[in-house]
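[1] sequence? don't have it. structure:
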């Protein structure tokens, strides 16, 4: 039941590599977009969900279950106003790293962000067989045995060229996007966990994709994940 978190500098290729990895190992793929989409499908109560066999549900439906539980538990703990409901959760999940590190919309506080995001990521990871991209997942799951944590980086020029192509931007605008994303991500991790997100000791594997294909990066991650899972099983 592999669980792999993939983090990245902007332009490092996390989304492409994560999707390739999910296909390569037959895993589910979860990122911010998937979570936001799933948050729009909330509505059933936990008791209704309990009557179903979740193994037959789609990924989006299962994520909806996880999000519903996270919302209710956070509300029960006083971390979030239950009257704000699923719309508030969607707002929280859709925020950028910069918005989260700056305090976001002001509708949800830091305690709500950390408690609810952690609940969601842990719930997804406990099911196993998943690649989780970003959202502090490497920190949230740092104590979970057998989870493989990966960081992707690229040299600045390569990152700018990739972002420029992905978003149809001129080089100057792309460079600004890269700088803003990386700054926001660093501040987000400093704010919530007081760590340097670029420190290699937070990861099992750091890959520079400047001169390495996404396919080769995928194979390296698969090998490390299998080795880490085997070592955890022996303990």
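    Looks like it arrived, so ask away. Every value quoted in this text rests on a predicted model; they were computed, and no experiment measured them.
[2] Tell me where this structure has helices.
    14-25, 32-39, 46-50, 59-76, 85-94, 97-102, 110-127, 137-140, 156-167, 171-193, 214-234 (DSSP state H).
[3] Lowest average pLDDT across those helices?
    Per-stretch averages of pLDDT across the helices of the chain put helix 46-50 at the bottom, with a mean of 42.
[4] I would like the residues contacting stretch 190-208, please.
    7, 100-101, 110, 113-114, 136, 138-139, 142, 148-155, 185-186, 188-189, 217, 220-221, 224, 228 (Cβ atoms under 8 Å, 6 or more residues apart in numbering). For the C-beta atoms, the positions are set from N, CA and C on the backbone; glycine is no exception.
[5] Got the domain ranges for this structure?
    1-27+129-235, 33-128 (automatic domain parsing).
[6] Now the terminal residues of the longest one, how far apart.
    Domain 1-27+129-235 has an end-to-end distance of 16 Å (criterion: Cα to Cα, to the nearest Å).
[7] How about the shortest one?
    Length of domain 33-128, first residue to last, Cα to Cα: 19 Å.
[8] likewise stretch 126-133?
    End-to-end for stretch 126-133, by Cα to Cα: 16 Å.
[9] again with stretch 197-217
    First-to-last distance for stretch 197-217 - Cα to Cα - comes to 20 Å.
[10] which of the residues in that stretch are buried?
    For stretch 197-217, the neighbour count (16 or more other Cβ atoms under 10 Å) marks 197-198, 202-207, 209, 214, 217 as buried.
[11] what's the closest of the residues you listed to residue 11?
    residue 209 (8.8 Å; Cβ to Cβ).
[12] check contacts around the closest one.
    Each residue near residue 209 by Cβ under 8 Å, 6+ apart is listed here: 12-13, 17, 152-154, 158, 217.
[13] I'd like those residues laid out as JSON lines, including distance to residue 25.
    As requested, these are arranged in JSON lines below (distance: Cβ to Cβ, whole Å):
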{"residue": "12", "distance to residue 25": "20"}
{"residue": "13", "distance to residue 25": "17"}
{"residue": "17", "distance to residue 25": "12"}
{"residue": "152", "distance to residue 25": "17"}
{"residue": "153", "distance to residue 25": "22"}
{"residue": "154", "distance to residue 25": "23"}
{"residue": "158", "distance to residue 25": "26"}
{"residue": "217", "distance to residue 25": "14"}
